[in-house]
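Enquirer: quick one: sequence plus predicted model below, questions after.
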Amino acid sequence: MSGADGTILDVRDVHRTHGAGPAAVHALRGVSLAVRPGELVAVMGPSGSGKSTLLALAGGLDSPTAGEVRVDGQPLAALDRRGLARLRRRRVGYIFQDLNLLGSLTAVENVALPLELDGTGVRRARALALAALAEVNLAELGDRFPDQLSGGQQQRVAIARALVGERRLVLADEPTGALDSQTGEAVLHLLRRRVDAGAGGLLVTHEARHAGWADRVVFLRDGVLVDSTAPLGSVEQLLSGSGR
Amino acid sequence: MSIRHGLLALLERGQMYGYQLRAAFEESTGSTWPLNIGQVYTTLARLERDGLVRSLPESEAGQRPYEITDAGRADLTLWFATPVSRTDRPRDELSIKLALALTTPGVDVRSVVQTQRAATMRTLQELTRLKYASDQPEELPWRLVLDAMVFQAEAEVRWLDHCETSLVRYRPTVPGRRPPVAADGSAEAVVPADEEARR
C-alpha cells in the first residue's frame, strides 16, 4: 500500500512547536515534503534548523503540532500507539548514528528482533535476517556478538536491521557517524542500493559528500524549507552533458 | 597541469599518434577535459622542438607516431615529483564574488550563498551518481578523478556553510562601507574572524 500517487512519505504543511507562549520554540514551520519509491531525499541545514525533528516526525517518533504525516498513504495521526509501533516495525527502517545494537544478542538476532517482535516465526525471522546481513556482506559474521565486530561492521548490522523484511521507508540520521570515509561511503552505497530497489529514503546530514548520494537535496533553515536541488538526469544524460 | 605532461605520460606507455593520444587523454581524465586534435598537434610540435618527444616515420595509413625521449622522461619524472602550486590555479571567482557581495549595498548575501550552495550540491550529486555507476576495477582512474572533484565540491559547500555562520554574526556599522579602522590601523571587531579565508 502507498499513497494515491505512489508517495511513500508525505509530509504536509507540518509545524512542530516545543513549549508555549513567548518561550515557544518553533522547530518546524510549515514544511511539506514528499518521497517517492526509488527516491532518496537528503535534508541539509545548520544545527537547530529542524532536520532531526523532521526525521522524527516522518518515522512517527514524534507528532506534529499542526499538519499531517502519511507513510504509505496511512495518516500517522489516525494510528494509536500500538498501530504506530506496528508501522514502525514493519514499514520503516531507521539508521541512526547511535547504533542501539543489543550486546547480549548476536548480529543475526539483533537483525531478526524487530521481525520477531512483530510475530514472525523464529525460523523465518532468522532467514530474513541472514538475507539482510548478506545484503551488507556480513553473512559469515551473523553469529558474532556486537563487541566482536569492528565499528564499521556494527554499523552494517544496524543497517541490515533497518532494511530487514519489507521496509518501504528508510530514515537515516547522520548514518555514517564516526566511520572512516571508505566505510562511510559503503554505508551510503547500501542505502542507495535499497532505494534503487524501490524503497523511499530520507537522509539527514550536514555532510555535503553524503547528501551527494541523494536524488534531491532540500535545505532547511530555521524550521523552513528554503531551497531544493532539481531532480537529476540519468548517468547517460550526465555524461552527454544534457542531464540538467 | 599542462596538456604537455599529460601527453608525455601517455607516451611513456608506448608510441602513439595524434588521434590515439587524444582518445587516451580523454579516457584517462574521464572526458572531464576534452581536447581538440589541434591542441594535441600543437603540443606535440612544441614537445618535439624542446627535445622531449621524437616523431617517427609515417605509417602506410599516413599516421605519424611519436615516442618519448630520455629528456622527456626526465621532465615527466620531475613533474610527478613536484607538487601542484595553488598559486598556479586561476583566481577563484566565487570567493571574489562573495567578498564583493558583502560590501555592495543592496545585495542579499545569504541568498548569494544559498544559490551557490544549491548549485554546488547539485554538481556533487551528479559526480556521486557518475561514481556510483563506475564500479568496475578498471575504472579506478576515472573514479579518482571524480573523487577529486567530489572533494573540491564538498570543500566549497563547507566553506559556504562557514560563510553563512559568519554572516549571522556580521554587523557592519555602516552598511556597504568598509569596516572602520582603529587608531592603531587594525580593523575593529566587526570584521568576521574568517575574513582572511575569504580572500
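Expert: Perfect, thanks for sending it.
Enquirer: got the buried residues for stretch A:213-232?
Expert: If you call a residue buried by 16 or more other C-beta atoms under 10 Å in any protein chain shown, then stretch A:213-232 has these buried ones: A:213-221, A:223, A:225, A:227, A:229, A:232. Using the backbone N, CA and C atoms, a C-beta is placed for each residue, glycine as well.
Enquirer: with pLDDT added, can I get these in TSV?
Expert: What follows is those, written out as TSV (pLDDT from 0 to 100):
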residue	pLDDT
A:Trp213	94
A:Ala214	95
A:Asp215	94
A:Arg216	94
A:Val217	95
A:Val218	95
A:Phe219	94
A:Leu220	94
A:Arg221	91
A:Gly223	94
A:Leu225	94
A:Asp227	87
A:Thr229	86
A:Leu232	79
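Enquirer: in strands, which of those residues fall?
Expert: If you go by DSSP state E, the buried residues of stretch A:213-232 have A:Arg216, A:Val217, A:Val218, A:Phe219, A:Leu220, A:Arg221, A:Leu225, A:Asp227 in strands.
Enquirer: now render the residues you listed as CSV, adding distance to B:Leu8.
Expert: Listed next are those as CSV, based on distance: C-beta to C-beta, whole Å:
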residue, distance to B:Leu8
A:Arg216, 43
A:Val217, 40
A:Val218, 46
A:Phe219, 45
A:Leu220, 49
A:Arg221, 49
A:Leu225, 51
A:Asp227, 45
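Enquirer: burial count for B:Thr82?
Expert: 8 (other C-beta atoms under 10 Å in any protein chain shown).
Enquirer: correction: A:Arg36
Expert: 17.
Enquirer: and the nearest residue to A:Leu79 once chain neighbours are set aside, how far from chain B?
Expert: Closest residue in space to A:Leu79, ignoring its immediate chain neighbours: A:Leu87 at 6.4 Å, by C-beta to C-beta, 6 or more residues apart in numbering or on different chains. Taking C-beta to the nearest C-beta, to the nearest Å as the measure, A:Leu87 falls 30 Å from chain B.
Enquirer: list the contacts of the residue nearest in space to the middle of chain A.
Expert: With the centre of chain A defined as its mean C-alpha position, the nearest residue by C-alpha atoms, centre = their mean is A:Leu171, 1.0 Å away. Residues near A:Leu171 by C-beta atoms under 8 Å, 6 or more residues apart in numbering or on different chains: A:Leu55, A:Ala58, A:Gly59, A:Val92, A:Gly93, A:Tyr94, A:Ile95, A:Gly201, A:Leu202.
Enquirer: adjacent strands (with direction) for the helix or strand harbouring it?
Expert: Assigned by DSSP states H and E, A:Leu171 falls within strand A:169-173. Looking at strand A:169-173 with DSSP bridges, its partner strands are strand A:92-96 (parallel), strand A:200-204 (parallel).
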